[in-house]
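Novice: Sequence first, then the predicted structure, then my questions.
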Amino acid sequence: MVYYGAIEAGGTKFCCAIGNEHGEIVEELTIPTEHPEKTLRQLIPFFQTYPIEALGVGSFGPICVKEGDSSYGYIMNTPKIEWKHYPLIPELEKQLGVPVSFTTDVNAAALGELTKGAAQGLTSCIYITVGTGIGAGAIVKGELLHGHSHPEMGHILVRHHASDSFAGVCPAHGSCLEGLASGPAIEKRWGKPAKELGEQEAVWALEADYLAQALMQYTLILSPERIIMGGGVMNQQQLFPLIREKLAFYLNDYVDLPPLDTYIVSPGLGDKAGLTGALLLAMERKANCSQ
């Protein structure tokens, strides 16, 4: 049996997995995101129990994904102060002695969904997570979207709704999408966490408006074949029809789209999209190293 490792590095927890050559998860470990050295001390022994061939990492960011750059593999200007400019990938490679592939957590989830989830059979998709933060990863023509850096689609500017005077919670931009529509934004605006507001229609009408504004921009710029929405806030299933309705309103028939109930969907892999994508990245990294 050939084994690969995967890490979905989030702001609150690190989800780790061992997978086989078919991209199937065979064992998992979840640990809290603490100081970098403490976090790595807990996860390194897990990967050392299997003879893994390579490791794939999907991480919170911003991160440096530009190979050849002196900061490649580093966590960059993150609000998590202890992790700021931390050399995550160099440390993992040094301690595990295997090649490591690196991308954002949402890019990894997009890859998982395109290969084994809700976007199977397509060549493009966007995966969006709406939770503690908002992030999105994109695949275009079968390739993860990277450029000078990686997309930061959670920080686009959206128009304030006329009924909303909330200033936003993003420390960098205030009222960007994440500042207005993330889980912490919902809790600060309404005084309760999202999971306790399920029956309040005004909460979800406003949330759907901001998310639909973002989806309109992503649709017009990237024209994905499918949009997959996950994260804790999207567990409120009443959001999906509201978002579809608002997106149709904003687009106003300007572009042709598939039926919106198949265009905007929940993850086919549930909460395993990121780990599945990270495993696929590890397999690709090993194959490239063997050529």
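Specialist: The structure has been received and is ready for your questions.
Novice: which stretch of helix or strand covers the spatially most central residue of the chain?
Specialist: What sits nearest the mean C-alpha location of the chain, by Cα atoms, centre = their mean, is residue 106, with 2.1 Å. For residue 106, the element it lies in under DSSP states H and E is helix 105-116.
Novice: Which strands or helices does that helix pack on?
Specialist: Secondary-structure packing of helix 105-116 (3 or more Cβ pairs under 8 Å, 6 or more residues apart in numbering; DSSP states H and E): strand 3-9, strand 52-59, strand 125-130, strand 134-140, strand 143-144, strand 227-230, helix 273-290. Quick note: C-beta positions are derived from backbone N, CA and C, even for glycine.
Novice: In TSV: the ones you listed, plus distance to residue 259, mean pLDDT and mean neighbour count.
Specialist: Formatted as TSV, the helices and strands packed on helix 105-116 follow (distance: least, Cβ to Cβ, whole Å; pLDDT from 0 to 100; neighbours: other Cβ atoms under 10 Å):
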stretch	distance to residue 259	mean pLDDT	mean neighbour count
strand 3-9	31	97	27
strand 52-59	30	96	26
strand 125-130	16	97	28
strand 134-140	21	95	26
strand 143-144	26	90	16
strand 227-230	13	98	25
helix 273-290	23	91	23
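Novice: Ramachandran angles for residue 51?
Specialist: Residue 51 has phi and psi values of phi -80, psi 70 when expressed as degrees, to the nearest 10.
Novice: and it, how many residues sit next to it?
Specialist: Other residues near residue 51 come to 10 when the count uses other Cβ atoms under 10 Å.
Novice: and the nearest residue to it once chain neighbours are set aside, what does it touch?
Specialist: With Cβ to Cβ, 6 or more residues apart in numbering as the measure, residue 3 is the residue that lies nearest to residue 51, at 6.1 Å, once sequence neighbours are left out. By Cβ atoms under 8 Å, 6 or more residues apart in numbering, the residues touching residue 3 are 18, 19, 20, 26, 50, 51, 52, 53.
Novice: State whether residue 29 is indeed within a strand.
Specialist: Yes. Judged by DSSP: H, G, I helix; E, B strand; the rest coil, residue 29 forms part of a strand.
Novice: Which parts of this structure are helices?
Specialist: Assigned by DSSP state H, the helices in the chain fall at 36-48, 88-96, 105-116, 177-181, 183-190, 201-222, 239-251, 260-263, 273-290.
Novice: Between those helices, which one is closest to residue 162.
Specialist: helix 201-222 (10.1 Å; Cβ to Cβ).
Novice: what packs against the closest one?
Specialist: Using 3+ Cβ pairs under 8 Å, 6+ apart, helix 201-222 sits against strand 125-130, strand 134-140, helix 177-181, helix 183-190, strand 227-230, helix 239-251.
Novice: Many thanks, we can stop here.
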